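Q: sharing a model that was predicted from the sequence below.
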Amino acid sequence: MGMNDLALREMNIVLIGFMGVGKTTIGKAVAKKLYRDFLDIDEEIEKEFQMPTTKIFQEIGEKQFRKKEKETIINLCTNQRLKVISLGGGAFLQEEIRNLCLSNCIVFFLDLSWESWKDRVSMIIDSRPVLQGKNSEEMKDLFDERQPIYEDHHSKVLTDNLDVDEVASFIVDSLKTAWDIYEPNH
């Protein structure tokens with residue numbers, strides 16, 4: 001299914017960005033505003049393995065997690081429409097996932113500065129396997145290292161001083177503008 005076969009208005013909307021930026025919370029808000037279903041890829045994987053992500057990493061390993069992540073995303077982005085999907089922070093490390101999402105979906109990068117992110121660390125650390133046992137400096141390295149993988153996107157939102165509803169509204173407004181430009185309703 002090439003980009004051209006799929007109406008822009010029907011494409012899945014994919015949210016990417018570093019862990020803890022709020023992809024799930026914002027994704028749910030966007031889905032509600034657009035009357036769409038919301039899917040969190042990490043949650044889908046957890047359902048399948050019937051254990052939390054941290055445990056999957058510990059017991060089955062990151063490699064199996066990434067494999068399942070790829071299968072899940074490929075399946076969703078090839079067979080489903082009209083969804084809002086949030087990807088785990090590491091999903092775009094896989095080129096195949098990146099290429100598929102960019103060609104079949106509308107990809108929004110939720111950006112957050114290191115300073116703002118640092119303030120959230122305590123809230124998210126327990127549920128994020130890749131942060132376990134890292135000190136602040138190592139987290140900063142991971143943060144910086146991941147930034148370039150999010151540079152492939154269709155649109156970027158700097159979320160620093162915005163609340164969830166503001167980010168969601170911004171996304172919805174920019175989608176509606178794009179839809180009207182490229183596919184006017186006659």
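A: That came in fine, so what should we check first? What you see is a predicted model, and the numbers here were worked out from it, not measured in a lab.

Q: now the element after the least confident helix or strand in the chain by mean pLDDT, going C-ward?
A: None of the helices or strands of the chain scores lower by mean pLDDT, DSSP states H and E than helix 121-124, at a mean of 88. Remark: after helix 121-124, the chain's next helix or strand is helix 136-146, criterion DSSP states H and E.

Q: give me the contact list for the longest strand belonging to the chain.
A: Longest among the strand segments of the chain by residue count, using DSSP state E, is strand 105-111. Here strand 105-111 makes contact (CB atoms under 8 Å, 6 or more residues apart in numbering) with 8, 11-17, 21-23, 26, 77, 85, 101, 150-159, 167, 171, 175, 178. (C-beta placed from N, C-alpha, C; glycine too.)

Q: so of those residues, which ones are in helices?
A: 23, 26, 77, 101, 167, 171, 175, 178 (DSSP state H).

Q: output these in JSON lines; the columns should cover distance to residue 32 and pLDDT.
A: Below are those laid out as JSON lines (distance: CB to CB, whole Å; pLDDT from 0 to 100):
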{"residue": "23", "distance to residue 32": "15", "pLDDT": "96"}
{"residue": "26", "distance to residue 32": "11", "pLDDT": "98"}
{"residue": "77", "distance to residue 32": "21", "pLDDT": "92"}
{"residue": "101", "distance to residue 32": "22", "pLDDT": "97"}
{"residue": "167", "distance to residue 32": "13", "pLDDT": "98"}
{"residue": "171", "distance to residue 32": "12", "pLDDT": "98"}
{"residue": "175", "distance to residue 32": "14", "pLDDT": "95"}
{"residue": "178", "distance to residue 32": "20", "pLDDT": "89"}
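
Q: correct me, but residue 51 touches residue 57?
A: No. Residue 51 is beyond contact range of residue 57, at 10.0 Å (criterion: CB atoms under 8 Å).

Q: so for the two, which residue has more residues nearby?
A: Neighbour tally, residue 51 and residue 57, criterion other CB atoms under 10 Å: the higher count belongs to residue 57, 18 against 15.

Q: secondary structure element for that one?
A: helix 53-59.

Q: dump that helix to CSV, restricted to CA.
A: Presented in CSV, the C-alpha positions along helix 53-59 are these (Å, rounded to 0.1, in the frame of the first residue of the first chain):
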residue,chain,number,x,y,z
THR,A,53,8.2,-4.1,29.6
THR,A,54,10.8,-4.1,32.4
LYS,A,55,10.1,-7.8,33.0
ILE,A,56,10.3,-8.6,29.3
PHE,A,57,13.7,-6.9,29.1
GLN,A,58,14.9,-8.8,32.1
GLU,A,59,13.5,-12.3,31.3
